[in-house]
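Student: sequence and predicted model, in that order:
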Amino acid sequence: MPKGTAVDRHHWVPRKHKGREWSWLHRICHKKLHSLYDEQTLATHLNSPEALLRQEEIRRFVKWVRKQSPEKNARHRPPRHRLG
């Protein structure tokens with residue numbers, strides 16, 4: 001990751017569900033995931049980078065975020081209804 005990039009640990013399966021696997025994600029990406037999907041959906045259906053990238057909403061976001069500065073840390077509006 002480029003220097004200055006804000007990152008968070010993302011557990012692919014939440015720790016409360018005994019998940020141990022995790023990866024570093026840009027903070028903006030991590031926030032986006034949790035603004036779109038509930039923990040149960042992330043744990044059961046979107047528990048890998050490949051599974052996430054099959055989602056149109058995520059692919060569009062990744063395309064947009066690649067054009068942004070590494071330091072960008074945008075706010076995400078709370079969804080009216082989380083997907084899942």
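Tutor: Received it, and whenever you're ready, just let me know what you need.
Student: show me where the chain has its helices.
Tutor: 27-36, 39-44, 49-53, 56-65 (DSSP state H).
Student: tell me what the third one is packed against?
Tutor: Just to be clear, that refers to helix 49-53. helix 56-65 (3 or more CB pairs under 8 Å, 6 or more residues apart in numbering; DSSP states H and E). Heads up, the C-betas are built off the backbone N, CA and C, glycines and all.
Student: which parts of the helix it packs on are buried?
Tutor: For helix 56-65, a neighbour-count test (16 or more other CB atoms under 10 Å) marks 58, 61 as buried.
Student: what packs against it?
Tutor: If you count contacts as 3+ CB pairs under 8 Å, 6+ apart, helix 56-65 packs onto helix 27-36, helix 49-53.
Student: ok, residue 20 - contacts?
Tutor: For residue 20, the contacting residues are 11, 13, by CB atoms under 8 Å, 6 or more residues apart in numbering.
Student: circling back: make CSV out of the helices of the chain and add distance to residue 12 and mean pLDDT.
Tutor: Formatted as CSV, the helices of the chain follow (distance: least, CB to CB, whole Å; pLDDT from 0 to 100):
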stretch, distance to residue 12, mean pLDDT
helix 27-36, 11, 92
helix 39-44, 8, 91
helix 49-53, 9, 96
helix 56-65, 14, 94
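Student: any idea which of the ones you listed gets closest to residue 11?
Tutor: Nearest to residue 11 among the helices of the chain is helix 39-44; the distance by CB to CB comes to 8.8 Å.
Student: quick check: buried residues in that closest one?
Tutor: Buried positions in helix 39-44, judged by neighbour count with 16+ other CB under 10 Å: 39, 42, 43.
Student: ok, residue 70 touching residue 7?
Tutor: No. Between residue 70 and residue 7 there is no contact under CB atoms under 8 Å: 10.1 Å.
Student: the spatially closest residue to residue 6 that is not a sequence neighbour: neighbour count?
Tutor: Distances taken as CB to CB, 6 or more residues apart in numbering put residue 27 closest to residue 6, at 4.0 Å, once the chain neighbours are dropped. The number of residues packed around residue 27, counting by other CB atoms under 10 Å, is 16.
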